[in-house]
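S.K.: Model the following, please.
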Amino acid sequence: MADCRLCRYFKPIDDMGAEELEDIYVRANMIQVKVLERSKNILGWCRKRKWIVTHYTGKCRFFAPKKVRRQKSLGEYVDV
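M.R.: Residues are numbered from 1 along each chain as shown. Prediction:
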């Protein structure tokens with residue numbers, strides 16, 4: 001099961017500018033009407049598929065987990 005929130009190609013709708021949002025809604029109205037008829041909630045954008053994300057979990061062949069950056073301890077920076 002893939003979770004879009006953990007994928008590096010997912011861009012949440014809250015992180016988008018006005019220009020990007022306008023492009024998404026134009027694309028939604030022109031191409032993806034059938035998708036939006038089932039779910040009117042747009043959660044974000046998949047940069048790999050160039051597709052509107054309407055649910056977070058499911059099957060996706062393009063899922064690529066984000067790189068997790070581990071916080072380093074002070075001891076790793078300073079030799080004691």
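S.K.: Going by C-alpha atoms from here, please, whenever you check contacts or count neighbours.
M.R.: Fine.
S.K.: all strands of this structure, in order?
M.R.: In the chain, the strands defined using DSSP state E lie at 2-3, 10-12, 44-46, 51-53, 57-58.
S.K.: need those strands in CSV with mean pLDDT and mean neighbour count, can you?
M.R.: CSV is the format used below for the strands of the chain (pLDDT from 0 to 100; neighbours: other C-alpha atoms under 10 Å):
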stretch, mean pLDDT, mean neighbour count
strand 2-3, 90, 16
strand 10-12, 93, 19
strand 44-46, 90, 21
strand 51-53, 85, 20
strand 57-58, 92, 11
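S.K.: Redo the ones you listed as CSV? Include distance to residue 75.
M.R.: Below are the strands of the chain laid out as CSV (distance: least, C-alpha to C-alpha, whole Å):
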stretch, distance to residue 75
strand 2-3, 34
strand 10-12, 34
strand 44-46, 39
strand 51-53, 42
strand 57-58, 39
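S.K.: Figure out which of the ones you listed is closest to residue 65.
M.R.: strand 2-3 (8.9 Å; C-alpha to C-alpha).
S.K.: Measure how buried residue 48 is and give me the count.
M.R.: 12 (other C-alpha atoms under 10 Å).
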